[in-house]
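Visitor: here is my input, please return the structure:
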Amino acid sequence: MFRLALLAILAALIAPSACAGQGDLEAVVKRLVGEPTYTTGFDVHELWRSGDAATITALKILDPATVRNEKVVSRMIFLIETAFGNVDMIQAPQDRNPGVSLLFLEVAASQEYSPEVKRDIALLRDSLIQVRRRVAESRVR
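Guide: Residues are numbered from 1 along each chain as shown. Sure thing, here's the model as predicted:
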């Protein structure tokens, strides 16, 4: 519980300042981590542009106790997968680095969830580690 509260505080502190489109991202994230009934092309496009900002936004919105719910974690996995589905489309360079998303997944991995959710967490974490490496390599070039 303490880890999740610390994670939410960290997300609030490092969150980018409000900019054009931030309200759209917040609306998409609220709907998708709430009770999503469908996903629109706009949702996907908004997430593709956001990267780590989507995770930060979700952690700012959600209560730490809510984040422990397996359904919410599954929705966060979908949100993060989609947000990093096309790294080249992420607008803000700092949001291409999945640091907060990886931190969230590390905390989630330490919780008790079904084997399917644990597998999804591990697969996404591995994928984001590769994204982080590619982003770091592109900065060196």
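Visitor: quick one: the helices in this protein?
Guide: Under the criterion DSSP state H, the chain contains helices at 2-14, 22-33, 41-48, 52-61, 64-67, 70-83, 99-109, 115-140.
Visitor: residue closest to the middle of this protein?
Guide: The residue lying closest to the centre of the chain (C-alpha atoms, centre = their mean) is Thr55, at 2.8 Å.
Visitor: so that residue touches Val100, yeah?
Guide: Yes - with contact defined as C-beta atoms under 8 Å, Thr55 and Val100 form a contacting pair (5.0 Å). Using the backbone N, CA and C atoms, a C-beta is placed for each residue, glycine as well.
Visitor: count of residues packed around the residue lying closest to Ser74 once chain neighbours are set aside?
Guide: Nearest residue to Ser74, sequence neighbours excluded (C-beta to C-beta, 6 or more residues apart in numbering): Val117, at 6.0 Å. Neighbourhood size, Val117 [other C-beta atoms under 10 Å]: 18.
Visitor: equivalent analysis for Phe42, please.
Guide: Count around Phe42 with other C-beta under 10 Å applied: 11.
Visitor: could you list the low-pLDDT ranges of this structure?
Guide: 1-23, 37, 141 (pLDDT under 70).
Visitor: that older thread, next up, the contacts around the residue nearest to the centre of the chain.
Guide: Residues in contact with Thr55 (C-beta atoms under 8 Å, 6 or more residues apart in numbering) are Ala11, Met76, Leu79, Ile80, Ala83, Pro98, Val100, Ser101, Phe104.
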